[in-house]
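Engineer: Return atomic coordinates for the entry below.
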Amino acid sequence: MRKTLRWPKDGGVNAVKRLFNCQQLNARDIWTHGVAQPITYLPAVFLGLLLNVLDGLSYGMILFPLGESIFSDLGPDGLSMFYVSCIVSQIVYSGGGSAFKGGIGSEMIEVVPFFHKMAFTVLAEVGQDNPKSVLATVILSYALSSILTGAVFFALGYLKLGSLVGFFPRHILVGCIGGVGWFLLATALEVCARLDGSLNYNLDTLSLLFAPATFVLWIIPLLLACGLILAQKVIKSPLFMPLYFLSIPVIFHILVAAIPNLDIHALRDKGWVFDAPVSGAPFWHFYTLYAPDFHAVNWTALLKTVPAMFALTFFGILHVPINVPALGVSTGMDNVDVDRELIAHGLSNALSGMCGSIQNYLVYSNSILFIRAGADSRIAGLMLAAGTFGVMAAGPKVVGYIPVMVVGALIFLLGIELMREALYDTWGKLSKLEYLTICAIVVTMGAWDFVIGILVGVLLACVSLVVQTSRKTPIRATYSGTVARSTVRRNPTQQRFLREVGSQIEILKLAGYMFFGTIASVETYVRKLLEEHRTTTRFVVLDLSHVSGIDFSAAEAFTRMQRLMGVRGVEMILSGVSRGGDVGSALRGVGVWESALVFETLNEALEFCENEFLKALYHESSNTATEQYLRVPVKPGAGEFNGGFEPSSPRRALVQNAAATTMTSDEVVQSTRWASFRQPLPLILQTFQGVTDKNEDFWFGVCGAFERRCFKEGEVVFRRGDPSTEFFLIEEGIFRAEYDLDQGHFSESIVAGTTCGELPFFSETPRTATVIAEKATVAWVMDSNAWQKLQKENQPAVEELLRISLKLTTERMHAITRYVLLLLRVVGMRCADMGA
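Structural biologist: From the prediction side, this is the model:
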């Protein structure tokens, strides 16, 4: 910022040093840089002057509502104010404020309706009987609005918030542009038809417009504008439009001179030519409208224009983040600093307001024409500023000879183009709701009020966001417990049982921001789920791992869903939530946290559901010999089995049938014969069941390779990176494997009746995880010495153990892959949504 603020001083000092440094300057340099090079810029500067003149006739002449008698003589003053704004902005941008050396600064056509709004507000407050106060207040409000716009521009750039403006919905801006187009068409009719006051939408105004004497005044400019639009489809030269409009006054005055009985004064009285400035008023006449000591300013009326000032500022700041990157792409400048351009716009607007003028900005279309004409130089921009001053000095005298049809055709052209951009170019490219929003903004701005139109646009943008977001359900995936399983290593009997009862677990993976518009689809889905599976569903897991936030309405919906599930005997479980997070805080605020089961990860939630079902299996098998191998790996402090099912409920019957089926299976029946064997033979047979066809006689010779070992709760079994010197069969308790990888953290439980560490042990690779005894655990361990001895004495057993290791590894890889894909499905869908 300091660099930007010092550029006028630093640039001037450097220029003086270069000018008087005789060792660096010679006659050739002076001729090249001081004479020859500026001459090459003259054609481009002439084109820039033509563009400024045409814009001045289009925007500056209607800066004040000329239809009101109190403002009817201020066309030349508006033109001078326009030129002052152009000169100030050109000096700022070309003097080093902007990165675009040949950028052209000019007034925004979109601000004219807001100026008229402020003028009518002051006029309504002060009244027609005090013209001096009206004019002093109106012109001061114009200047203050420019200073306000500059302050906002500067603040956005200084705080580096330029990117925030880009979040404003584009279709709302397009609707505002269409509203300006409507305003310009109405203004063109007012100017050409010389209507008293504003254009009223009634039959009297309609009959006046189609009166022969009035009809010809506005139909000719309209035809000229339409003719130019059609001609531009064939003629693509950028000089065609300026020359087209410059030829109109030339042809007009040739006809006036050639046709007898035509007099310029008579044509001026009939509305064909603008009135001449009063008493040859100079170009600086608009400064006389300011009250020297502000005694004529009506401060109450000025305060009433503040809303229009802010609306004007709000609309103005939307252009820079759009025009600047577009101009950078068109000129090949890839690294344009939007914040620097905002600061430059802040300085130019603030200085323009201090000079008694109006807003300005970097005009994309004019800048492209100027730069492509060969004026990509700060010298050319300063030459344009000097030329604009010369035009301004001669401007007031020329106004009295400008045909009204020239200005009218220009305004009609701009109005038609803006309306086409808003209503025609967007047809079929936007959703129906977005297009209707644009139409609503255009009609509101055109027929009612510009400030109200912007408010309507913002309101409709909010409604549109809610509607469109609500159509995208936050439910990104649904699974049953038969597909989604925890990563806990379980023995074959437990796995078979869980496959039978897994349909009683329903998992809903949610993503995005949950608010009143999106939570409705979740509630609807849950209600439908409970109606369709009311007799079979036992747990509904709502995974919030990818939920970015939740509002009060959505949090309240979770309480309703919990009550709904409770009535039907279904347990609601929340996963992916931390107590200190935003989602957790919102759920605590409505009381869900205290009454629902909450887990930090989906894996923990699935493990809990599986354990609850395994308690039923344990209850069924409590009197069997296989009881110790079916123990549920509940954490310390967990309660005993209570079923969680209503007596004689279909859910209970389903679980009991699954438990009975499991307990009468061949695997379980066969295991009853092993109860009389001495450990670790029963454990080996139970653990390897389903992955080997060898009987107890084969495995008896392996028992000597294992030794019994007890681990205390919290004891580290081995750490990641340690040599793999042991292989474990777990008899009782739980191991917890912690994987701290570069891709993230992952953990799994290893329960009784399963193996641990077999793949690194047999492959002689370092440990990939840190394993801790989660509770007091009994395991049978084979170390490296026993393995080497077994290799020498029992080669068939060695080969079978290696095959079993590969099979168990395949099962583990399948389980881990299934769980990872369960997580990645939501992440992938979220990335696809962001890319869309």
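Engineer: ranges for the helices of the stretch 351-500 of the chain?
Structural biologist: 364-372, 378-399, 404-419, 432-447, 450-471, 492-501 (DSSP state H, counting those that start in this stretch).
Engineer: for the stretch 601-750 of the chain, that is, sorry about that
Structural biologist: Counting by DSSP H, counting those that start in this stretch, the helices of the stretch 601-750 of the chain are 602-620, 650-663, 666-671, 681-687, 696-700.
Engineer: hang on, the earlier thing: and among the helices of the stretch 351-500 of the chain, the most buried is which?
Structural biologist: Highest mean neighbour count of the helices of the stretch 351-500 of the chain: helix 404-419, a mean of 24 (counted as mean count of other C-beta atoms under 10 Å). Heads up, the C-betas are built off the backbone N, CA and C, glycines and all.
Engineer: Show me what that one is packed against.
Structural biologist: helix 42-58, helix 170-193, helix 212-232, helix 240-258 (3 or more C-beta pairs under 8 Å, 6 or more residues apart in numbering; DSSP states H and E).
Engineer: and those helices as CSV, adding distance to residue 115 and mean pLDDT?
Structural biologist: As requested, those are exported to CSV (distance: least, C-beta to C-beta, whole Å; pLDDT from 0 to 100):
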stretch, distance to residue 115, mean pLDDT
helix 42-58, 14, 78
helix 170-193, 11, 78
helix 212-232, 22, 88
helix 240-258, 23, 82
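Engineer: Rebuild the ones you listed as TSV, extending it with mean neighbour count and distance to residue 64.
Structural biologist: Listed next are the helices and strands packed on helix 404-419 as TSV, based on neighbours: other C-beta atoms under 10 Å; distance: least, C-beta to C-beta, whole Å:
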stretch	mean neighbour count	distance to residue 64
helix 42-58	21	14
helix 170-193	24	11
helix 212-232	16	20
helix 240-258	14	22
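Engineer: To residue 707, which of those lies closest?
Structural biologist: Proximity of the helices and strands packed on helix 404-419 to residue 707 was assessed by C-beta to C-beta; the nearest stretch is helix 170-193, lying at 72.5 Å.
Engineer: mind saving the C-alpha coords of that closest one as PDB?
Structural biologist: C-alpha atoms of helix 170-193 as PDB (Å, rounded to 0.1, in the frame of the first residue of the first chain):
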ATOM      1  CA  ARG A 170     -23.300 -13.400 -11.300                       C
ATOM      2  CA  HIS A 171     -26.900 -13.600 -12.400                       C
ATOM      3  CA  ILE A 172     -27.900 -10.900  -9.800                       C
ATOM      4  CA  LEU A 173     -25.300  -8.600 -11.400                       C
ATOM      5  CA  VAL A 174     -26.700  -9.500 -14.900                       C
ATOM      6  CA  GLY A 175     -30.200  -8.600 -13.600                       C
ATOM      7  CA  CYS A 176     -29.000  -5.200 -12.400                       C
ATOM      8  CA  ILE A 177     -27.400  -4.600 -15.800                       C
ATOM      9  CA  GLY A 178     -30.800  -5.400 -17.400                       C
ATOM     10  CA  GLY A 179     -32.400  -2.900 -15.000                       C
ATOM     11  CA  VAL A 180     -29.900  -0.300 -16.200                       C
ATOM     12  CA  GLY A 181     -30.800  -1.200 -19.800                       C
ATOM     13  CA  TRP A 182     -34.500  -0.600 -19.000                       C
ATOM     14  CA  PHE A 183     -33.600   2.700 -17.400                       C
ATOM     15  CA  LEU A 184     -31.600   3.800 -20.500                       C
ATOM     16  CA  LEU A 185     -34.400   3.000 -22.900                       C
ATOM     17  CA  ALA A 186     -36.800   5.100 -20.700                       C
ATOM     18  CA  THR A 187     -34.200   7.900 -20.500                       C
ATOM     19  CA  ALA A 188     -33.800   7.800 -24.200                       C
ATOM     20  CA  LEU A 189     -37.500   8.400 -24.700                       C
ATOM     21  CA  GLU A 190     -37.500  11.200 -22.100                       C
ATOM     22  CA  VAL A 191     -34.500  12.900 -23.800                       C
ATOM     23  CA  CYS A 192     -35.700  12.500 -27.400                       C
ATOM     24  CA  ALA A 193     -39.400  13.200 -26.800                       C
END
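Engineer: in the following helix or strand past it, what's buried?
Structural biologist: Remark: after helix 170-193, the chain's next helix or strand is helix 203-209, criterion DSSP states H and E. For helix 203-209, a neighbour-count test (16 or more other C-beta atoms under 10 Å) marks 205, 208-209 as buried.
Engineer: what's helix 203-209 in contact with?
Structural biologist: Defining contact as C-beta atoms under 8 Å, 6 or more residues apart in numbering, one finds that helix 203-209 is touched by 189, 193, 195, 199, 214-215, 218.
Engineer: Now residue 357: phi and psi?
Structural biologist: The phi and psi values for residue 357, taken as degrees, to the nearest 10, are phi -110, psi -160.
Engineer: Pull the number of nearby residues for it.
Structural biologist: Residue 357: 27 surrounding residues under other C-beta atoms under 10 Å.
Engineer: Do you know the pLDDT at it?
Structural biologist: On the pLDDT scale, residue 357 is placed at 93.
Engineer: isn't it right up against residue 85?
Structural biologist: Yes - in this structure residue 357 lies within contact range of residue 85 using C-beta atoms under 8 Å: 4.3 Å.
Engineer: tell me the least confident of the buried residues of helix 203-209?
Structural biologist: Confidence-wise, residue 205 trails the rest of the buried residues of helix 203-209, at 81.
Engineer: And that residue, how far from residue 415?
Structural biologist: For residue 205, the distance to residue 415 equals 17 Å [C-beta to C-beta, to the nearest Å].
Engineer: now do residue 122
Structural biologist: In terms of C-beta to C-beta, residue 122 sits 25 Å off from residue 415.
Engineer: now residue 241
Structural biologist: 15 Å.
Engineer: for the chain, longest strand please?
Structural biologist: In the chain, with assignment by DSSP state E, the single longest strand is strand 539-550.
Engineer: and it, how far from the chain's centre?
Structural biologist: 22 Å (C-alpha atoms, centre = their mean, to the nearest Å).
Engineer: Enumerate the positions of it that are buried.
Structural biologist: Here strand 539-550 shows 539-547, 550 as buried, counting by 16+ other C-beta under 10 Å.
Engineer: Mind picking the two most distant members of those residues?
Structural biologist: Taking C-beta to C-beta, no two of these sit farther apart than 539 and 550, at 21.4 Å.
Engineer: residues in contact with residue 446?
Structural biologist: Residue 446 touches 179, 182-183, 186, counting by C-beta under 8 Å, 6+ apart.
Engineer: what do you get for residue 719?
Structural biologist: 767, 770.
Engineer: Against residue 816, how distant is it?
Structural biologist: Counting by C-beta to C-beta, the gap from residue 719 to residue 816 is 20 Å.
Engineer: Residue 408 too?
Structural biologist: 75 Å.
Engineer: Can you name the residues in contact with the helix or strand harbouring residue 583?
Structural biologist: Element membership of residue 583, judged by DSSP H and E, is helix 582-589. Contact with helix 582-589 is made by 544, 547-552, 554-555, 558, 574, 577-579, 593-594, 596, 598, as judged by C-beta under 8 Å, 6+ apart.
Engineer: How about residue 520: what's its closest non-neighbour residue?
Structural biologist: Distances taken as C-beta to C-beta, 6 or more residues apart in numbering place residue 470 nearest to residue 520, at 6.9 Å, with adjacent residues excluded.
Engineer: Please apply the same query to residue 416.
Structural biologist: Using C-beta to C-beta, 6+ apart, the closest residue to residue 416 is residue 225 (6.2 Å).
Engineer: can you tell me how far the one you found sits from residue 702?
Structural biologist: 97 Å.
Engineer: Kindly report the same for residue 717.
Structural biologist: Distance from residue 717 to residue 702, by C-beta to C-beta: 21 Å.
Engineer: same question, residue 46
Structural biologist: 100 Å.
Engineer: Next SSE downstream of the longest strand of the chain?
Structural biologist: Counting by DSSP H and E, the element that comes right after strand 539-550 along the chain is helix 552-567.
Engineer: So what touches the helix or strand just after that following helix?
Structural biologist: Counting by DSSP H and E, the next helix or strand C-terminal to helix 552-567 is strand 571-575. Here strand 571-575 makes contact (C-beta under 8 Å, 6+ apart) with 538-545, 558, 561-562, 565-566, 587, 592, 596-602, 604-605, 608-609, 644.
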